[in-house]
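In: Could you look at this predicted model? Sequence included:
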Amino acid sequence: MDVSTSVQDIETTRRLPAFPSFREVLDNAHPGEALASKQFYALADGDFSTTFQDRLLDCRSRAWFIRHEETGHVRLASKQCRLRWCFHCSEARQQFITSAVLPWFSKVKMPRLLTVTLKHSQVPLDEQIDHLYDCFRKLRNRKVCKDAIRGGIWFFQVTYNQKTEEWHPHIHALLDAEFMLHAKLMSDWYSITGDSTIIHIRNVDNPEKTLSHNARYAARPSAILKIPKSLWPELFSAFNKRRICGTWKSARKISLRPSKPEDSEKWHDVGGFRTVIAMKENDDNAQAIFEAWTLGIPLDENINMNNVMDEVDKIVEESRPPPKWELEPFLDYVEFK
Ligand SMILES: [Zn+2]
């Protein structure tokens, strides 16, 4: 199967239709990454299936503006695929993880960052990850860590060195921890792994920045555009159903799974994404919804697109929100000008 990324493919993606779906707008803003996700899942599906590709294609193809009945705030809700290598889902997940972990990490007594890795080798990725996870669990149970660490959250990352043709798996952990002697950590890490002395620990000056950077790995453990396509199947199978982040001790209370907001019944549909975007230049209500969303101002409760929805629905095949929807965190992700 030819999965080369041609300039022509990207240019085609960049031409937006008159009634763009939310998905088309996002793809248009990140054409290279969006195309790579599609090609990645085409390889994962193989020649006789389109299961992953269908799920990916449906991601955010339908989205709706919703208004909170008390505050008047407008947000976007959409149907999302939650596939690990979907670029849009992983961007959303990074934002979710950052907002979920920040209340804990910004208040810890001593924010610190620990990074561990294995000695570089030609061992298959799957086995290297198993070994790294096992060693990291043992390290957390060593006296030096048990005594000093009050709590932590770990993230997995893998890069690939094209020159040496080796995978480089790492674990980064944000900690609330007292001072730990580096020499002691290093000798423990060496005795656990049998061959690796690569372990770093440092104080964190800006918890939000460090967290946001590391939360990216909880979303996608590797940037697929930087990995040769011939290795994507190995990457896919090594991470299939594998946890890539976790918490322990005082950070255990943090939920790393997004859930529907508690007040979800207070949010009401005011118009489909395509309808509002297509009509915002010519329709006062569409313009008001769009402005309320982009500027973060409350929307008057009588404003919605119900008067035109039925008509426009026929053109853009947009249906009302299904029972399962999720809030979009994407406000700073794409410019809608
Ligand atoms: Zn997705």
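Out: Ah, there it is. Numbering: from 1, shown residues only.

In: So in this protein, which helix runs the longest?
Out: Among the segments of the chain that qualify as a helix by DSSP state H, the longest is helix 87-105.

In: Is that helix in proximity to the ion?
Out: Yes: contact of helix 87-105 with the ion (CB under 5 Å from the ion) involves C89. For glycine as for every other residue, the C-beta is placed from the backbone atoms N, C-alpha and C.

In: what's that helix in contact with?
Out: Applying CB atoms under 8 Å, 6 or more residues apart in numbering, the contact partners of helix 87-105 are 23, 26, 30, 33-34, 36-37, 59-60, 80-84, 111, 151, 153, 174, 176, 207-208, 211-212, 215-216, 218-220, 245, 250-251, 253-256, 258, 328-330, 333.

In: now do stretch 280-287
Out: Taking CB under 8 Å, 6+ apart as the rule, stretch 280-287 contacts G271, T275, V276, A278, M279, I289, F290, I303, N304, M305, N307, V308.

In: Okay, buried residues for it please.
Out: K280, D283, N285, A286 (16 or more other CB atoms under 10 Å).

In: need the helices for the stretch 1-150 of the chain, in chain order.
Out: Remark: helices assigned in the stretch 1-150 of the chain by DSSP state H, counting those that start in this stretch are 7-14, 22-29, 31-45, 51-58, 87-105, 125-140, 143-148.

In: May I see these organised as TSV, with mean neighbour count added?
Out: Converted to TSV, these look like this (neighbours: other CB atoms under 10 Å):
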stretch	mean neighbour count
helix 7-14	12
helix 22-29	20
helix 31-45	20
helix 51-58	16
helix 87-105	20
helix 125-140	17
helix 143-148	14
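
In: Now tabulate those helices in TSV and tack on mean pLDDT and distance to W167.
Out: Listed next are the helices of the stretch 1-150 of the chain as TSV, based on pLDDT from 0 to 100; distance: least, CB to CB, whole Å:
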stretch	mean pLDDT	distance to W167
helix 7-14	51	28
helix 22-29	88	29
helix 31-45	94	17
helix 51-58	94	23
helix 87-105	90	19
helix 125-140	97	5
helix 143-148	96	25
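
In: so which of these comes closest to Y190?
Out: helix 125-140 (10.4 Å; CB to CB).

In: any idea how far the closest one is from the chain center?
Out: Taking CA atoms, centre = their mean, to the nearest Å, one finds helix 125-140 lying 23 Å from the centre of the chain it belongs to.

In: Are there helices or strands packed against that helix, and which ones?
Out: Contacts defined by 3 or more CB pairs under 8 Å, 6 or more residues apart in numbering; DSSP states H and E place helix 125-140 against strand 111-117, strand 149-161, strand 166-177, helix 182-193, helix 232-239.

In: Would you mind listing what in the stretch 1-150 of the chain touches the ion?
Out: The stretch 1-150 of the chain comes close to the ion at residues C59, C81, C86, C89, as judged by CB under 5 Å from the ion.

In: I'd like the distance between L211 and W104.
Out: Distance, L211 to W104, using CB to CB, to the nearest Å: 10 Å.

In: scratch that, A177 is what I was asking about
Out: 13 Å.

In: same deal with Q122?
Out: For Q122 relative to W104 (CB to CB), the value is 39 Å.

In: pLDDT weak spots in this structure?
Out: By pLDDT under 70, the low-scoring segments of the chain are 1-16, 260, 309-337.

In: The residue lying closest to R202 once chain neighbours are set aside and the ion, how far apart?
Out: Leaving aside its sequence neighbours, R202 sits nearest to L113 (CB to CB, 6 or more residues apart in numbering; 5.5 Å). With distances taken as CB to the ion, to the nearest Å, L113 is found 29 Å from the ion.

In: Surely L113 touches L175?
Out: Yes: when contacts are counted by CB atoms under 8 Å, L113 is listed as touching L175 (7.2 Å).

In: Could you check which of the two has the larger neighbour count?
Out: L175 (27 against 20; other CB atoms under 10 Å).

In: Who is the more buried one paired with across the strands?
Out: L175 forms beta bridges with R112, G152, as assigned by DSSP bridges.

In: so what's it up against?
Out: Applying CB under 8 Å, 6+ apart, the residues near L175 are V108, M110, P111, R112, L113, L114, I149, R150, G151, G152.
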